[in-house]
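**Student:** any chance you can model this:
(2 chains)
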Amino acid sequence: MHPLLQAMIDAGISHDTLVFLLSVPLVATIFAFSRQVIGLRSFGLYVPLLLTYVLLTIGLGPGLLMLLLILIVATLARLLFSKLRLLYIPRMAIVLTLSSAVVLALFYLGSQVALYKEINFSILSILIIIFLVEEFVSIQIKQSARTAFWLTIETLVLVIAAFYLIEWPVLQTYLLSHPSVIIVGSLVINLLLARWSGLRLTEMWKFRAIFKKPKT
Amino acid sequence: MNLLRYIVGGSDVLGMNARNLNYISAGYNREIRRTIDHKLLTKRALRKAGLPVAATYGIISSFHSLHDFDWAALPNSFVVKPNLGLGGRGIIVVYGKQKGSTNIWIKADREPIDVAVLKTHVGNIIEGNFSLGSQPDKAFFEERVKIHPDLKPYVYRGVPDVRVIIYNGVPVMAMLRLPTKKSQGKANLEQGAVGAGIDMSTGITTSGIIGKGKIIIELPETRLKVAGIVIPGWHEVLTLAVQAQRAIGISFVGVDIAIDKDTGPKILELNVRPGLKVQLANLAPLRIRLEQVKVKKDTQVEQAVAIGQSLFGKTTNKEVDTHSGRTLIGIVEPVKLLYGKKDLKEFPVMAKVDTGAMSSSIDRGLAIKLGIDVKSAKTKFVRSAIGREQRSYIELIFKLRGEKVKAIVSLADRSKLAYKFLIGRRDLKKFLIDPQVKRKRGV
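**Tutor:** Next up, the predicted model:
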């Protein structure tokens, strides 16, 4: 444990809070790397970050279950109302209303079924999940359902990877003992990524037909 | 080793990172960016420079003006576009009015669209639902360019256009974008249109992709080849693209030009972030071309066009018929027979071009020499000059003037004949025969 962090813990700041805080640069760097070098698309940077912390707060299983349920409801709602020619913002409000209703129903179920009684559904986490729906549905409307689907899958892959990384005790110990390495390292790596002009891995795949062709 | 080179960033292919870092953000200031992002501002600037642009029939910039808009004043055919849109999103192509109706139109996909649907769509555009960063936007109605008869057979509905990539004043790569049934009359690849690469020197298409980047040989739902389409007025198109770039003053840009059957080429719009799939359509990397014109030179428009054409045109020694885009061949041609099971080897032979014969034929002795399994040849009865006879056929691939032809070839005794291989008309579809064309020496 780094003496500075030890002092904070002694002063009453929770261990989890420090791990969360120190993992932000790490997770952000992973997302930046996966975009610039691998070429995985995701809903920007803050959506996957928020989602990672939602999962850390309410647990992987319940978090994903809730997200999946809300996404399905939102998609169905969008399909249902797409025939009605509604303007965008009110239409989105309808989708959010239905999502809230589903969460409410989930709460009721949770209170009846012992399995989910213990889960800490913090207000913030639930709000974040509902707001992610706006991103998701807006891409469905503006681009295509297919794009939205793949973006979601790619985002989820990243988020689940980040979740397991932060949960890993070895990493937690490292974060707490070498906070400066994490911060300086993230800055350096991201500076390099910001000036990186090479092909992304996905682009190498996409343009493989050009590589195959002998040079003329 | 190649992989390592690509990873280090030395790829000849232009990727998203390099495009954004080295070409887009390096190339322009905020003023220019604003002009280009706003399609209406671009059009105004181009018009001011005396360049032809598609006419604007009307602009709706608020719900108030949407309410007051006179829909009856619109012509039968038009295009609705968001001022700040990108990737073809929010565009509706209207093809004509439904017969006997005043407020129902027909879209490019033949579906009817009534004024109420159009109003909601325009409302969504104004709200900013198709714009960059969801900012409030304007909708405008634009002339639907009348399709050039030369290009008509290749298009489902809607108008094809030519995307020319310009860098440092020189045209570097281009593609012909053909609307398909799926793209609903729009020429955007993202919407499912076809993109065909263009030989910069001749303006003839070479290869093509559809939608997300699938390589195609034939246009969807037709048997028409994606290669060999001749773009009418190619030189004019390139000239206009260069002029447009100069009028706006941006160093890296994609200029979209449609060719009107009456008035010739017209600029549709400019793109600061031209898609990278133009490389797949051309089956050629773009970054290497950009590097070639990295040093900016002051050139006249004519010079710049000539530089682009000579630097990036196909450097083949084959002669191409400028009307059909097909390769010219003579009466006797050197060909390469491809043989061997796993890795194909090439066997050079002089061949006689004979339009009097339906199928190609090869000397049986030569076939055996090449290791072709003549015993497994399929036999067929054919009617020939000497009556009904039985012939055996084998499958064979040959290369003629760089074109690969997959042929079904009959086995014959040609041992006493001057040419051991004869090409029949079934395998000559890609070529035009000109008896004056001299054969190339040394196969």
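
**Student:** now what about the biggest strand by length in chain B, what contacts it?
**Tutor:** If you go by DSSP state E, chain B has its longest strand at strand B:387-400. Under the contact criterion Cβ atoms under 8 Å, 6 or more residues apart in numbering or on different chains, strand B:387-400 has outside partners B:329, B:333, B:335-339, B:344, B:346, B:351, B:359-360, B:362, B:367, B:372-374, B:376-382, B:404-412, B:421, B:423, B:427, B:431. Glycine gets a C-beta too; all of them are placed from N, C-alpha and C.

**Student:** now, these that are in strands?
**Tutor:** B:329, B:333, B:335-339, B:346, B:351, B:360, B:362, B:378-382, B:404-412, B:421, B:423, B:431.

**Student:** ok, longest helix in chain A?
**Tutor:** Identified as the longest helix of chain A according to DSSP state H is helix A:88-112.

**Student:** and it, what other elements does it pack with?
**Tutor:** helix A:60-82, helix A:123-142, helix B:115-127 (3 or more Cβ pairs under 8 Å, 6 or more residues apart in numbering or on different chains; DSSP states H and E).

**Student:** next, the angle from the last one to helix A:88-112.
**Tutor:** For the pair helix B:115-127 and helix A:88-112, the angle between their directions (axes from the mean of the first three to the mean of the last three Cα atoms, to 10 degrees) equals 80 degrees.

**Student:** same deal with the second one?
**Tutor:** Relative orientation of helix A:123-142 and helix A:88-112, computed by the same axes, to 10 degrees: 140 degrees.

**Student:** for the residue in chain A positioned nearest to chain B, give me the pLDDT.
**Tutor:** Closest to chain B within chain A is A:Gly198: 3.5 Å, counting by Cβ to the nearest Cβ. Looking at A:Gly198, its pLDDT stands at 86.

**Student:** the residue nearest to B:Glu221 when sequence neighbours are not counted - how many residues pack around it?
**Tutor:** In space, and not counting its chain neighbours, B:Glu221 is closest to B:Lys181: 6.7 Å by Cβ to Cβ, 6 or more residues apart in numbering or on different chains. By other Cβ atoms under 10 Å in any protein chain shown, 15 other residues sit near B:Lys181.

**Student:** next one: A:Glu135
**Tutor:** Neighbour number of A:Glu135 under other Cβ under 10 Å is 17.

**Student:** that one and B:Met16: what is the separation?
**Tutor:** A:Glu135 sits at a distance of 21 Å from B:Met16 (criterion: Cβ to Cβ, to the nearest Å).

**Student:** could you do B:Ile91 as well?
**Tutor:** For B:Ile91, the distance to B:Met16 - Cβ to Cβ - is 23 Å.

**Student:** the two: who's more crowded?
**Tutor:** When B:Ile91 and B:Met16 are compared for neighbours, B:Ile91 comes out ahead with 22 against 17, by other Cβ under 10 Å.

**Student:** could you check the pLDDT of the more buried one?
**Tutor:** Per-residue confidence (pLDDT) for B:Ile91: 88.

**Student:** alpha carbons of the longest helix anywhere in chain B, as CSV, please.
**Tutor:** The helix that spans the most residues within chain B, counting by DSSP H, is helix B:234-248. Taking Å, rounded to 0.1, in the frame of the first residue of the first chain, the C-alpha atoms of helix B:234-248 are listed here in CSV:
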residue,chain,number,x,y,z
TRP,B,234,-14.7,12.2,-67.3
HIS,B,235,-12.2,15.1,-67.9
GLU,B,236,-14.9,17.6,-67.1
VAL,B,237,-15.8,15.8,-63.9
LEU,B,238,-12.2,15.9,-62.7
THR,B,239,-11.8,19.5,-63.6
LEU,B,240,-14.9,20.5,-61.7
ALA,B,241,-13.8,18.5,-58.7
VAL,B,242,-10.5,20.4,-58.6
GLN,B,243,-12.2,23.7,-59.1
ALA,B,244,-14.6,22.9,-56.2
GLN,B,245,-11.7,22.1,-53.9
ARG,B,246,-10.0,25.4,-54.9
ALA,B,247,-13.2,27.4,-54.4
ILE,B,248,-13.5,26.2,-50.8
